[in-house]
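J.: Mind looking at a prediction? Sequence and model below.
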Amino acid sequence: MRKGQIAVIGAGKWGQALHFALSSKQECFISSRTKRDIKNFVDLDFALSCEYLVIAIPAQEIRTWLKENFVFKNQKILVASKGIEASSGEFLNNIYADFVPDENIGFISGPSFAAEVIKALPCALVLNSKSKELYDEFSKFFPDFIKTYYSKDIIGAEIAGAYKNVLAIASGICEGLNLGKNAQASLIARGLVEMQRFGKHFGAKKATFLGLSGAGDLFLTANSTMSRNYRVGLGLAQGKSLELILEELKEVAEGVKTATAIEKLSNKYTIYTPIAKEVKLILDGKNPKDSLKDLIKN
Ligand SMILES: NC(=O)C1=CN([C@@H]2O[C@H](COP(=O)(O)OP(=O)(O)OC[C@H]3O[C@@H](n4cnc5c(N)ncnc54)[C@H](OP(=O)(O)O)[C@@H]3O)[C@@H](O)[C@H]2O)C=CC1
Ligand SMILES: O=C(CO)COP(=O)(O)O
C-alpha cells in the first residue's frame, strides 16, 4: 500500500479535471484503460496500490471494471460517476458495497463541469460518505478553489446526480424545440420535484435535492450546452438519431442509460416519474412534440 498517496482512475474529461485539481496540494497519480501522455500517468496496478482512489469511469462500466480489476486492500475511495446501472436498476453504492466497506467509500456530487474545474474556476462539491473521517481525509486533498461540504446522504446524492442527467436531456429538447424560457423553467422546477419524489422512495433526504447535489447540479446541467446530456436533448429535438448524436459526442452522456434505469425502478415501485418516462420514450423514438402534448395533458 502506498500510504498517503492518491490516484485518479479513468482519464476521461472528469478524471483529468479531478487529477488537475487534486495535484494542486500534493502529487496525484492517474491511470486509465488507454495510456496517455499526462504527468504522473501510472499503470493500473500502481494506481490501485495507492491508499486514496478517485474512480471516474462511466456508471455502466463499474460493475465489470470492479470484478475484473479491483481487489480491496483497505483503500479509501471516492466515486466520481453519476448514473444508475441500466441493466439492473442498481445504485452505484450497492454495486460498490460488494467490494468496499461503507466506512471506506464516498461519492462526489454537486455542480462541476470538468471544463471549468480544469481551468481552476471556483466551485463547491459535496463528498457523501457514512464516514466523516473519510470526508476529513479526502477534503484535505482538494484545492483552494474547490469548497467541499460533507453529507451522509449517499443515496440522495447519487439519485440527484444521476436523475439530473435525464432532466438535462429533457431541457435540451425543450431548447431545441424553441419552447421558450417559461416552459424550460417549468420543466426544471417540476423535474426537481420529480427527482425528489423518486429519491424519497429510496430513503433520500429532501434537503439533498434542494442543495448543491440536487438543485445546484440540475440548474447547471439543464441550462448549458456545456452539458453532454443537454446536447443529447438538443440533437434529439433537431431530429438526429441517438446513434449519430452519441457518435458525434464521443464522451459519455449518462442520462441516456439512466433513463432506462429510472423507468425500470419507477415501474417496479410505482413511482410517478412523468418527465423521465417521456425522455425514455423519446430516446426510443417517440416524437418530442408528442411528448410535450402528453406531459401537458397528463
Ligand atoms: N465531465 C464532467 O463534467 C463530469 C462528469 N461526471 C461523471 O464522471 C463520469 C465520467 O465522465 P467523463 O470523464 O466526463 O467521461 P468521458 O467520456 O470523458 O471519459 C470516460 C472515461 O472512462 C473510461 N472508461 C470507459 N469505459 C471503461 C471501462 N470499461 N473500463 C475502464 N475505463 C473505462 C475511459 O477511459 P479510456 O479513455 O482510458 O479508455 C474514458 O476516458 C460519468 O459518470 C460522468 O457523469 C461527473 C461530474 C462532472
Ligand atoms: O455532471 C456534470 C456537471 O456537474 C456534467 O454533466 P454532463 O455529463 O451532462 O456534461
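T.: Now that the structure is in, tell me what you want to look at. Residues are numbered from 1 along each chain as shown. Ligands and ions are numbered 1, 2, ... in the order given.
J.: Smallest distance to ligand 1 belongs to which residue of the stretch 101-250 of the chain?
T.: Closest residue of the stretch 101-250 of the chain to ligand 1, C-beta to the nearest ligand atom: residue 114 (3.5 Å). All C-beta atoms are positioned from the backbone trio N, CA, C, and that covers glycine.
J.: ok, now which ones touch that residue?
T.: 13-14, 16-17 (C-beta atoms under 8 Å, 6 or more residues apart in numbering).
J.: if we go to 6 Å?
T.: Each residue near residue 114 by C-beta atoms under 6 Å, 6 or more residues apart in numbering is listed here: 13-14, 17.
J.: next one: residue 15
T.: 8, 56.
J.: Three-state assignment for it, please.
T.: helix (DSSP: H, G, I helix; E, B strand; the rest coil).
J.: Could you check the pLDDT of it?
T.: Looking at residue 15, its pLDDT reads 98.
J.: Name the helix or strand for the residue positioned nearest the centre of the chain, please.
T.: Most central in the chain under C-alpha atoms, centre = their mean is residue 82, positioned 1.8 Å from the mean C-alpha point. Taking DSSP states H and E as the definition, residue 82 sits outside all helices and strands.
J.: wait, doesn't it sit right on residue 161?
T.: Yes - counting by C-beta atoms under 6 Å, residue 161 is a contact partner of residue 82 at 3.8 Å.
J.: re earlier: if I look at the residue nearest to the centre of the chain, what pLDDT would I see?
T.: Residue 82 is assigned 98 on the pLDDT scale.
J.: same thing with the one 4 residues further on?
T.: Residue 86 is assigned a predicted lDDT (pLDDT) of 98.
J.: That one - that's part of a strand, no?
T.: No - per three-state DSSP, residue 86 lies outside any strand segment and is coil.
J.: wait, isn't it in contact with residue 261?
T.: Yes - at 4.8 Å, residue 86 and residue 261 qualify as touching, with contact defined as C-beta under 6 Å.
J.: How about the contacts made by the residue nearest to the centre of the chain?
T.: Contact analysis of residue 82 by C-beta under 6 Å, 6+ apart lists 161-162, 254.
J.: Need the buried ones from these selected in ChimeraX.
T.: Restricted to buried positions by 16 or more other C-beta atoms under 10 Å, the ChimeraX selection for the contacts of residue 82 reads:
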select :161,162,254
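J.: would you list the contacts of residue 82 in TSV and tack on pLDDT and distance to ligand 2?
T.: Listed next are these as TSV, based on pLDDT from 0 to 100; distance: C-beta to the nearest ligand atom, whole Å:
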residue	pLDDT	distance to ligand 2
161	98	7
162	98	10
254	98	6
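J.: Among the contacts of residue 82, which ones lie close to ligand 1?
T.: Among those, the residues lying close to ligand 1 (C-beta under 6 Å from any ligand atom) are residue 254.
J.: Among the contacts of residue 82, which one lies nearest to residue 208?
T.: Within those, proximity to residue 208 (C-beta to C-beta) peaks at residue 161, which comes in at 10.0 Å.
J.: wait, what's in contact with the closest one?
T.: For residue 161, the contact set (C-beta under 6 Å, 6+ apart) comprises 82, 109.
J.: Let's see the strand or helix carrying it as CSV, backbone CA atoms only.
T.: Taking DSSP H and E as the criterion, residue 161 maps to helix 154-176. Output of helix 154-176 as CSV, limited to C-alpha atoms (Å, rounded to 0.1, in the frame of the first residue of the first chain):
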residue,chain,number,x,y,z
ILE,A,154,-25.3,8.9,-0.2
ILE,A,155,-28.5,7.7,-1.8
GLY,A,156,-29.8,11.2,-2.1
ALA,A,157,-26.6,12.5,-3.8
GLU,A,158,-26.5,9.5,-6.0
ILE,A,159,-30.1,9.8,-7.2
ALA,A,160,-29.8,13.6,-7.7
GLY,A,161,-26.6,13.3,-9.7
ALA,A,162,-28.0,10.6,-11.9
TYR,A,163,-31.5,12.0,-12.3
LYS,A,164,-30.4,15.5,-13.3
ASN,A,165,-28.7,14.0,-16.4
VAL,A,166,-32.1,12.7,-17.6
LEU,A,167,-33.7,16.1,-16.9
ALA,A,168,-30.8,17.8,-18.7
ILE,A,169,-31.8,15.8,-21.8
ALA,A,170,-35.4,17.0,-21.4
SER,A,171,-34.2,20.6,-21.0
GLY,A,172,-32.1,20.3,-24.2
ILE,A,173,-35.1,19.0,-26.0
CYS,A,174,-37.1,22.0,-24.7
GLU,A,175,-34.5,24.4,-26.0
GLY,A,176,-34.2,22.5,-29.3
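J.: starting at the chain centroid, how far to that helix?
T.: Here helix 154-176 is found 9 Å from its chain centre; the criterion is C-alpha atoms, centre = their mean, to the nearest Å.
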